[in-house]
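In: Sequence and predicted structure, then a few things I'm wondering about:
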Amino acid sequence: MKYRNKLSILLITLCSAFYTTGTTAEVKLLPESDRMAAPDFVIEKLEGGTTSLADHKGKLVLLHFWATWCMPCRVEMPGLESVWQQYKGEGLIILAASVDEGSKDRVEKYKQIFELSFPILLDPDSKVNDLYKVSNMPTSILIDGEGQIVSYVSGTAEWLEPDTVSLIEDLLQKKTR
């Protein structure tokens, strides 16, 4: 079964790469004048219960909006998982908010296929999506330890690209209040 999952991921990623060629978004810091306080929210977790942005005060939060039907999101997920595995022990929090409507089963199956271990959140009514004015999938927002939005990435990001890794490491150094 594990082999079939990896094969599925490979095929989806290859197909998606053709679909998203040239649409990679750069992860960079916003100018100081464009930064603002990240609005708090309470959202349901896939595994049950709820979480909020306030629950992660003092951490570097990567708030990621995605959907199971989004092909560019599929391309990005392995990189997000790698970044999570590398930096979760250093204070990085990934909150991946699915905007899929309906049953959670589709989101759970997606999580299993892509072997995702970071927290998956459910935003079927797009309340948090709307709060952050997201109009594109995927969209990622980096929120520093002081609760400021320091990066807004609309589109597929290369999370393992050296400049992106360096930016994350710099923000992790400054994460605590």
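Out: Looks like it arrived, so ask away.

In: From here on, just use CA atoms for contacts and neighbour counts.
Out: Fine.

In: so where's the chain uncertain?
Out: For the chain, residues meeting the criterion pLDDT under 70 lie at 1-23, 175-177.

In: Let me see the ranges of the strands in it.
Out: Per DSSP state E, the chain carries strands over the ranges 24-25, 36-37, 42-45, 50-52, 60-66, 92-98, 120-122, 139-143, 148-154, 156-157.

In: I'd like the ones you listed as JSON lines, with distance to residue 173 and mean neighbour count appended.
Out: Shown next, in JSON lines, are the strands of the chain (distance: least, Cα to Cα, whole Å; neighbours: other Cα atoms under 10 Å):
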{"stretch": "strand 24-25", "distance to residue 173": "24", "mean neighbour count": "14"}
{"stretch": "strand 36-37", "distance to residue 173": "20", "mean neighbour count": "12"}
{"stretch": "strand 42-45", "distance to residue 173": "27", "mean neighbour count": "16"}
{"stretch": "strand 50-52", "distance to residue 173": "23", "mean neighbour count": "14"}
{"stretch": "strand 60-66", "distance to residue 173": "10", "mean neighbour count": "24"}
{"stretch": "strand 92-98", "distance to residue 173": "11", "mean neighbour count": "23"}
{"stretch": "strand 120-122", "distance to residue 173": "25", "mean neighbour count": "23"}
{"stretch": "strand 139-143", "distance to residue 173": "14", "mean neighbour count": "25"}
{"stretch": "strand 148-154", "distance to residue 173": "14", "mean neighbour count": "21"}
{"stretch": "strand 156-157", "distance to residue 173": "22", "mean neighbour count": "24"}
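
In: Contacts only, for the residue nearest the centre of the chain.
Out: The residue lying closest to the centre of the chain (Cα atoms, centre = their mean) is residue 64, at 2.7 Å. Taking Cα atoms under 8 Å, 6 or more residues apart in numbering, we find residue 64 in contact with 94-97, 138-141.

In: Would you agree residue 145 is in contact with residue 170?
Out: No. Taking contacts as Cα atoms under 8 Å, residue 145 lies outside contact range of residue 170: 12.0 Å.

In: Looking at the two now, which is surrounded by more residues?
Out: Legend: neighbour count by other Cα atoms under 10 Å for residue 145 and residue 170, higher for residue 145 (22 against 11).

In: roughly how far apart are that one and residue 56?
Out: 8 Å (Cα to Cα, to the nearest Å).

In: what's the answer for residue 140, then?
Out: Here residue 140 is placed at a distance of 17 Å from residue 56 (Cα to Cα).

In: what does residue 44 give?
Out: Residue 44 sits 15 Å away from residue 56, going by Cα to Cα.

In: How about residue 80?
Out: Distance from residue 80 to residue 56, by Cα to Cα: 18 Å.

In: Please name the bridge partners of the residue nearest to the centre of the chain.
Out: Taking DSSP bridges as the rule, residue 64 bridges to residue 96, residue 140.
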